[in-house]
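Peer 1: give me a 3D structure for the following:
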Amino acid sequence: MSTLAVHDHGVVHHEEGHEHHHKATFLNTYVFSQDHKYIAKQFLVTGIIMAFIAMTLSILFRIQLAYPDKSFPLLETLLGRFAPGGRLSPDFYMSLVTIHGTIMVFFVLTAGLSGTFANLLIPLQVGARDMASPFVNMLSYWFFLTASIIMLSSFLVQKGPASGGWTIYPPLSALPQAMPGSGEGMTLWLISMVCFVASSLMGGINYISTVLNMRTKGLDLWKMPLTIWALFLTAVLGVLAFPVLVAGIVLLIFDRSFGTSFYLSDIVLNGHVQPYEGGSPILFQHLFWFLGHPEVYIVIMPAMGIASEVIAVNSRKPIFGYHAMVYSLIGIAVLSFIVWGHHMFVTGMNPFLGGVFMITTLIIAVPSAVKTFNWLATLWRGNIRFTPAMLFSIGMVSFFISGGLTGIFLGNAALDINLHDTYFVVAHFHLVMGSAAIFGMLAGVYHWFPKMYRRMMDERLGYLHFWITFIGAYLVFFPMHFMGLDGVPRRYYALTAFPAFNRWLTVNTFITWAAIMAGMAQVAFIVNFIYSMFWGKKTVQNPWNSNTLEWTAPIEHHHGNWVGEIPTVYRWPYDYSKPGSDVDFIPQTVPFSETMSSNLPHDFEDNPAGLEEYNKWTTANKANEEVK
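Peer 2: Sure, this is the predicted structure:
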């Protein structure tokens with residue numbers, strides 16, 4: 001067994017390698033693996049599959065919006081009863097919108113992003129053999145996979161999958177007879193989400209425990225990479241916010257199955273008064289958005305951490321304002337819990353309370369702006385290497401800026417009342433969260449692919465993938481701002497029913513073809529991913545000349561990460577292009593005693609003995625120069 005030692009800073013680390021008592025088989029190595037690296041791959045591959053399913057669903061309902069009065073016999077062949085006569089049924093259109101949003105927000109941008117990179121990077125970048133509880137970590141993936149299968153199985157029930165939007169507002173979600181998608185499909189949605197939340201909680205508790213308790217010798221909190229800070233705070237948000245969604249879902253199940261009235265009152269269905277009194281659908285909105293707005297940052301914060309790391313590495317510069325970046329992440333995490341009401345300005349909220357939520361919403365723009373300016377300052381005059389990962393990180397910053405600016409509009413109650421539930425919201429949401437988070441995730445895949453699969457991805461296909469996806473995403477979502485300003489509502493099956501919106505039909509057609517173009521670009525990514533996994537160029541141990549600990553682990557994977565003793569950390573992770581150094585990167589594992597010519601006084605803020613040695617060296621060096 002490995003032994004543990006507690007160092008003077010209270011951090012547990014492993015002194016010896018693990019001895020495994022279980023014989024390695026295919027099942028416990030690749031299927032029911034407890035190795036965090038393989039679990040990361042399982043999350044990634046499952047997330048990619050779910051992303052392609054969600055993308056396919058979006059193209060199907062975009063075709064309906066572009067050609068609302070045309071029939072496509074192929075649709076009836078593929079979808080059967082859901083597309084009679086070659087046209088999507090209105091109910092199934094709503095189901096596609098609902099499942100697309102659910103998969104992208106939860107199964108791709110939450111589990112696919114955090115599950116992949118928290119599992120891969122936390123043990124490797126903090127210097128741990130594995131997660132705090134490898135078995136619970138394995139369970140978190142299998143609960144996620146179970147949730148995915150249950151969600152997709154809802155397409156097989158007679159009345160189709162859940163509908164009513166990914167926010168599943170009552171009464172559509174609370175009355176099984178309200179519409180076809182309110183029946184068995186909604187029940188499966190609710191069961192799937194409970195499994196998903198169980199997965200997220202098991203993962204989040206593991207991530208927090210590992211970061212707090214299993215850092216290697218010398219790695220205090222202020223020496224952690226920004227990726228670890230982002231993933232750690234994301235896990236904290238998830239552990240605090242996701243149980244509220246479960247509470248809301250349990251009450252919803254009671255309303256659906258046991259005749260309670262938590263969310264229902266004065267309902268008339270098909271001319272019949274329903275026996276529900278005293279409930280309020282606004283209660284569900286409070287519970288949902290108390291999770292829903294931290295969820296936005298659960299999605300975007302890992303992408304922020306990944307972009308920070310990739311930009312610093314490929315600019316060959318220290319990250320600008322490291323402490324400010326950390327404090328801004330903490331500020332975002334705290335403020336994200338007190339802004340949920342800006343989703344509810346049109347619910348009849350007290351204007352004073354709406355004003356409070358408006359102020360906190362606008363305040364959260366401050367730490368977001370800090371991060372944006374720090375990324376730009378890091379890029380400024382850097383010796384930039386335009387790798388695919390770097391391009392996707394810069395793309396992430398671009399989407400975060402352009403989408404974030406429109407958040408100022410929606411955070412203002414007076415403007416939001418006019419823009420609520422229009423395409424302006426769709427544009428804002430998909431740029432600032434959807435596109436930015438996807439680009440952060442793709443940046444991480446390209447950057448850490450050599451660590452996951454020991455091979456390099458093809459750069460030419462990476463460039464092709466980036467440019468078509470980047471241009472396609474802007475062509476899809478930027479025009480929607482103008483549709484929203486004209487009052488075009490979202491989630492409508494056919495805008496041709498409203499003569500005032502007919503002028504936007506050609507724009508909808510344009511957006512649909514741009515979406516198809518962006519979707520086709522993902523084929524280049526899949527080809528690159530699968531080909532490189534088996535036949536790509538073999539990597540060297542540190543292909544990007546990066547400073548963080550994961551690149552000190554051997555190329556060949558084994559459970560335990562390092563052979564022998566875990567490396568000790570001496571410095572922060574962003575010593576790039578340091579004046580006085582012969583090389584443009586100094587890994588965290590290099591002692592300051594080996595880099596005297598490039599050391600600076602602030603390197604020894606928490607190390608008085610090291611500062612004394614540095615002062616002695618500086619004094620002796622000056623004396624030698626005077627003699628010369």
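
Peer 1: backbone phi and psi for Ser546, please?
Peer 2: phi -100, psi 160 (degrees, to the nearest 10).

Peer 1: give me the distance between Leu152 and Leu188.
Peer 2: 9 Å (C-beta to C-beta, to the nearest Å). Any C-beta I mention is one placed from the backbone N, CA and C, and that applies to glycine too.

Peer 1: repeat that for Asp69.
Peer 2: In terms of C-beta to C-beta, Asp69 sits 32 Å off from Leu188.

Peer 1: wait, Asn599 touches Val590, no?
Peer 2: No - using C-beta atoms under 8 Å, Asn599 is not in contact with Val590, being 11.0 Å away.

Peer 1: who has more neighbours out of the two?
Peer 2: Remark: of Asn599 and Val590, Asn599 carries more neighbours, 24 against 18, as counted by other C-beta atoms under 10 Å.

Peer 1: so what's that one up against?
Peer 2: 580, 592, 614 (C-beta atoms under 8 Å, 6 or more residues apart in numbering).

Peer 1: next one: Val569
Peer 2: 127, 216-219, 223, 549, 588-589.

Peer 1: and the residues you listed as CSV, adding neighbour count, pLDDT and secondary structure?
Peer 2: Shown next, in CSV, are these (neighbours: other C-beta atoms under 10 Å; pLDDT from 0 to 100; DSSP: H, G, I helix; E, B strand; the rest coil):
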residue, neighbour count, pLDDT, secondary structure
Gly127, 27, 94, coil
Thr216, 24, 95, coil
Lys217, 18, 94, coil
Gly218, 20, 91, coil
Leu219, 30, 93, coil
Lys223, 17, 94, helix
Leu549, 26, 95, helix
Gln588, 27, 94, coil
Thr589, 19, 93, coil
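
Peer 1: from the residues you listed, which single one is nearest Thr56?
Peer 2: Checking these against Thr56 by C-beta to C-beta gives Leu549 as the nearest, at 38.8 Å.

Peer 1: relative to Asp220, how far out is the closest one?
Peer 2: Taken as C-beta to C-beta, the span from Leu549 to Asp220 is 14 Å.

Peer 1: swap in Ser182?
Peer 2: 52 Å.

Peer 1: one step back: keep only those of the contacts of Asn599 that are in helices.
Peer 2: Tyr614 (DSSP state H).

Peer 1: of the contacts of Asn599, just the buried ones, ChimeraX syntax please.
Peer 2: Those of the contacts of Asn599 that count as buried under 16 or more other C-beta atoms under 10 Å are selected in ChimeraX with:
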select :592,614
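
Peer 1: in TSV, list the contacts of Asn599 along with distance to Ile394 and pLDDT.
Peer 2: Listed next are these as TSV, based on distance: C-beta to C-beta, whole Å; pLDDT from 0 to 100:
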residue	distance to Ile394	pLDDT
Gly580	29	86
Phe592	33	88
Tyr614	37	81
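
Peer 1: report the spatially nearest residue to Gly355, omitting neighbours in sequence.
Peer 2: Ala413 (7.1 Å; C-beta to C-beta, 6 or more residues apart in numbering).

Peer 1: list the contacts of that neighbour.
Peer 2: Ala413 neighbours (C-beta under 8 Å, 6+ apart): 342, 345, 351, 354-355, 357-358.

Peer 1: swap the cut-off to 6 Å and go again
Peer 2: 345, 354, 358 (C-beta atoms under 6 Å, 6 or more residues apart in numbering).

Peer 1: Three-state assignment for the second one, please.
Peer 2: At Gly354 the chain is in helix, as set by DSSP: H, G, I helix; E, B strand; the rest coil.

Peer 1: what about Val194, how many residues close to it?
Peer 2: 18.

Peer 1: quickly find the element holding it.
Peer 2: Following DSSP states H and E, one finds Val194 within helix 184-213.

Peer 1: and the next element down the chain from that helix?
Peer 2: Trace forward from helix 184-213 with DSSP H and E and the next one is helix 226-257.

Peer 1: and that following helix, how far out from the chain middle?
Peer 2: 14 Å (C-alpha atoms, centre = their mean, to the nearest Å).

Peer 1: please enumerate the helices of the stretch 1-150 of the chain.
Peer 2: For the stretch 1-150 of the chain, applying DSSP state H, counting those that start in this stretch gives helices covering 26, 36-66, 73-79, 90-102, 116-126, 134-153.

Peer 1: so where's this protein shaky on pLDDT?
Peer 2: 1-23, 625-628 (pLDDT under 70).

Peer 1: how about the strands in it?
Peer 2: Taking DSSP state E to define them, one finds strands in the chain at 4-6, 12-14, 268-269, 272-273.

Peer 1: quick one: neighbours of the closest residue in space to His323 that isn't next to it in sequence, just the number.
Peer 2: Ranked by C-beta to C-beta, 6+ apart and with sequence neighbours excluded, the top spatial neighbour of His323 is Trp222, at 7.6 Å. A total of 12 residues lie near Trp222 under the criterion other C-beta under 10 Å.

Peer 1: closest to the centroid, which residue in this protein?
Peer 2: Val299 (3.4 Å; C-alpha atoms, centre = their mean).

Peer 1: verify the stated contact: that residue with Leu109.
Peer 2: Yes - between Val299 and Leu109 a contact is recorded at 4.3 Å, counting by C-beta atoms under 6 Å.

Peer 1: who touches both of these two?
Peer 2: With C-beta under 6 Å, 6+ apart as the test, Val299 and Leu109 both reach Ala437.

Peer 1: ok, the residue lying closest to Gln158 once chain neighbours are set aside to Ile59 distance?
Peer 2: The shortest distance from Gln158 to any residue other than its chain neighbours is 7.3 Å, reached at Glu184 (C-beta to C-beta, 6+ apart). Applying C-beta to C-beta, the value for Glu184 to Ile59 is 26 Å.

Peer 1: before we move on, the earlier item: the more surrounded of Ser182 and Asp220?
Peer 2: Per other C-beta under 10 Å, whichever of Ser182 and Asp220 has more neighbours is Ser182, with 24 against 13.
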